[in-house]
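J.: The following block contains a protein sequence and its predicted model.
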Amino acid sequence: MIGVAALARIAARTPRSRAEARRYAAAGFLARALANPATVIGTLIVLALILAAALAPVLAPYDPIDQVLNDRLQAPGAEHFLGADHLGRDILSRILYGARITLAVVLSVAVIVGPVGLAIGIAAGYFGGRIDAVLMGVTDIVMAFPRLVLALALAAVLGPGIGNAVVAIAVTGWPAYARLARAEAKLVREREFVQAARLAGASDLRILVLHVAPLCLSSVIVRLTLDMAGVILIFAGLGFLGLGAQAPAPEWGAMVATGRDYIIDQWWVATLPGAAIFVVSMGFNLLGDGLRDVLDPRAQTGRAA
């Protein structure tokens, strides 16, 4: 197996072709990522979430919605490794299947807010003037409201359900990415290669897609990874209040809500789904922090100095 030092030596060589340059860049990224503990730990936690979601039918010992009243509030043991809830449903099975819902929500929100925020931000930063004023005015209006409060209001208006919760979270989440992409685009639009592309007759759309957006993408990806922990917490909060996934869906926030009545004597009913929320949120935070250090050349320069 190639070690971190070997990858660093490969990345340090002078590339002889464009393909070689890409390979060396990938080797350098991988070396920095493996040398960063936050990136490694966060990646492992996120991979565990993905595996739990993908292999839930194999790993889960019981059906997550089957009710066995004879096992009601059974403590963790050989029959139910993490115990059973107030309806006799296996908590481990519900946590594993709940990973599917959580991962689906995270991916759905990322697919919406990332491209929307990036498109609005680079358009505002590149064109400036009235376009910038209008787009950033709308952005400021959305950002003026606390995100959780606005998401709760939208979810209440749209009605309970996973799809409506995703829409509510996405509508309140894109302005931060637009702000970030706008700042990056304002720096890029005056660069020499952008001016050269403009003089060569490239359209504004081509410049935005091929030149501006790729340079803003790394910052948006880092922000997106960091924001996923907040998305998980907001979705869990909506589920806790009954505005997210509906019964009998095994959603972590709803599981915490049903277990709060038994928190003193049967702590496992609410604590274990809450622990899953905590661990996964921490994993995304660590991954985002690690990616910020790996992808930011200024952080690398400061560390080397």
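T.: The structure has been received and is ready for your questions. Just so we're clear, the structure is a prediction, and the values are computed from it rather than from any experiment.
J.: And stretch 111-121, what's buried?
T.: Neighbour counts over stretch 111-121 (16 or more other C-beta atoms under 10 Å) mark Ile112, Val113, Gly114, Val116, Gly117, Leu118, Ala119, Ile120, Gly121 as buried. Quick note: C-beta positions are derived from backbone N, CA and C, even for glycine.
J.: how near is the third one to Gly83?
T.: Computed with C-beta to C-beta, to the nearest Å, the distance linking Gly114 and Gly83 is 38 Å.
J.: go on, the fourth one?
T.: As for Val116, its distance to Gly83 is 41 Å (criterion: C-beta to C-beta).
J.: Any idea which residue is closest to the centre of this protein?
T.: The chain has Met228 as the residue nearest its centroid, 2.8 Å off, counting by C-alpha atoms, centre = their mean.
J.: Retrieve the pLDDT associated with that residue.
T.: Met228 carries a pLDDT score of 91 in this model.
J.: Narrow the buried residues of stretch 111-121 to those in helices?
T.: Taking DSSP state H as the definition of helices, the buried residues of stretch 111-121 contribute Ile112, Val113, Gly114, Val116, Gly117, Leu118, Ala119, Ile120, Gly121.
J.: so what's Ala249 up against?
T.: Ala249 is in contact with Ile65, Ile101, Ile162, counting by C-beta atoms under 8 Å, 6 or more residues apart in numbering.
J.: How many neighbouring residues does the second one have?
T.: By the measure other C-beta atoms under 10 Å, the count of residues near Ile101 is 21.
J.: So it belongs to a helix, correct?
T.: Yes: under DSSP: H, G, I helix; E, B strand; the rest coil, Ile101 sits within a helix.
J.: thinking again about what came up before, among the ones in helices among the buried residues of stretch 111-121, which two are most distant?
T.: Ile112 and Gly121 (14.6 Å; C-beta to C-beta).
J.: My guess is Arg94 contacts Met255. True?
T.: Yes: contact criterion C-beta atoms under 8 Å: Arg94 and Met255 qualify, at 6.2 Å.
J.: quick revisit: and the ones in helices among the buried residues of stretch 111-121 as TSV, adding distance to Arg223 and pLDDT?
T.: Converted to TSV, these look like this (distance: C-beta to C-beta, whole Å; pLDDT from 0 to 100):
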residue	distance to Arg223	pLDDT
Ile112	14	93
Val113	10	93
Gly114	9	91
Val116	13	93
Gly117	9	93
Leu118	10	92
Ala119	15	93
Ile120	14	93
Gly121	11	93
